[in-house]
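[1] coords please:
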Amino acid sequence: MARRGKKYLNALKSIEKRPYALAEAIETLKKVRYERFDATFELSVDLNIDPRQANQLVRGVVTLPHGTGKTVRVLALVAPDKQKEAEAAGADYAGLDEYISRIEQGWLDFDAVVCTPDVMPKVARLGKVLGPRGLMPNPKSGTVTPDIVRAIRELKAGKIEIRNDKTGVVHVPIGKASFDTQKLRDNAMEVLKTIESLRPSGVKGNYILSVYMSTTMSPSVAIDRNRL
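    Below is the predicted model of the structure:
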């Protein structure tokens, strides 16, 4: 286990070992956090799934009502006739062959990638680079679509992907510490409702086992699921 610093341990002492109501958890983390930057609030949701089974994977998207507070750099991989349209929609980068070549050479200065179906044969070769980083465009997440304008605008507005890790936990950012409590609560509720809607049909019994909230560097606070 990694050795924790004094600030972390002091924050940990201020957190009671009990489940907190959602708003109470947010207020507690706002009081105990010690980051000197606008830290990100994150939910960690432990699910009763077997990540080794393809039919139990949790994949989806959610648009946070108040956004993430983060400026999302969007790369649109599109044919030349769609480039201006993508740029007008807010894409930070738009093009095709040039950007595919740059990515193959190690360039990754973006947060999300969208593309149109017609260019997927070219984009597919980036799977080994983008896949492990969760950046590969996918029809299920709405990042492979003929409506490139809508995809870009949704990402800019706070649309994020939900996916479990190899241990069956979903980690989702819900906003910044500078957000007020109500905005963070609204975002958290939207995430939890979306995760519930993505419940695999093969899951029996309790689906959500536990919910924790933390900031970038803080200890985590347990959320009382019965009070959501």
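
[2] identify the residues contacting the top helix by length along the chain?
    The single longest helix within the chain, with elements called by DSSP state H, is helix 181-197. Contacting residues not belonging to helix 181-197 are listed as 22-23, 26-27, 30, 41, 43, 45, 47, 58, 60-66, 162, 170, 172, 174-175, 179, 207-208, 211, 213, 228 [Cβ atoms under 8 Å, 6 or more residues apart in numbering]. All C-beta atoms are positioned from the backbone trio N, CA, C, and that covers glycine.

[3] and after that helix, which helix or strand comes next?
    strand 208-214 (DSSP states H and E).

[4] so what strands line up beside the helix or strand just after that next one?
    As assigned by DSSP H and E, the chain's next helix or strand after strand 208-214 is strand 221-222. When pairs are called by DSSP bridges, strand 221-222 turns out to pair with strand 208-214 (antiparallel).

[5] buried residues in the partner strand, which are they?
    208, 211, 212, 213, 214 (16 or more other Cβ atoms under 10 Å).

[6] residue 78: what's it in contact with?
    So residue 78 contacts 85, 86, 94, 95, 96, 115, 116, 119, 148 (Cβ under 8 Å, 6+ apart).

[7] any idea how far residue 160 is from it?
    From residue 78 across to residue 160, the span is 22 Å (Cβ to Cβ, to the nearest Å).

[8] for this protein, which residues score under the pLDDT cut-off?
    Along the chain, segments meeting pLDDT under 70 span 1-2.

[9] before we move on, what SS does the residue lying farthest from the centre of it have?
    Going by Cα atoms, centre = their mean, the residue of the chain most distant from its centre is residue 81, 30.6 Å out. Under DSSP: H, G, I helix; E, B strand; the rest coil, the three-state class of residue 81 is helix.

[10] ok, how many other residues are close to residue 56?
    A count of neighbours around residue 56, defined by other Cβ atoms under 10 Å, yields 18.

[11] what are the ranges of the helices in this structure?
    Using DSSP H, helices in the chain cover 6-13, 22-32, 80-89, 97-104, 120-123, 127-130, 148-157, 181-197.

[12] now render these as CSV, adding distance to residue 218.
    CSV is the format used below for the helices of the chain (distance: least, Cβ to Cβ, whole Å):
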stretch, distance to residue 218
helix 6-13, 6
helix 22-32, 6
helix 80-89, 36
helix 97-104, 34
helix 120-123, 38
helix 127-130, 30
helix 148-157, 27
helix 181-197, 14
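
[13] which residue packs closest to residue 18, ignoring adjacent ones?
    residue 222 (7.1 Å; Cβ to Cβ, 6 or more residues apart in numbering).

[14] same check, this time on residue 140
    residue 59 (5.8 Å).
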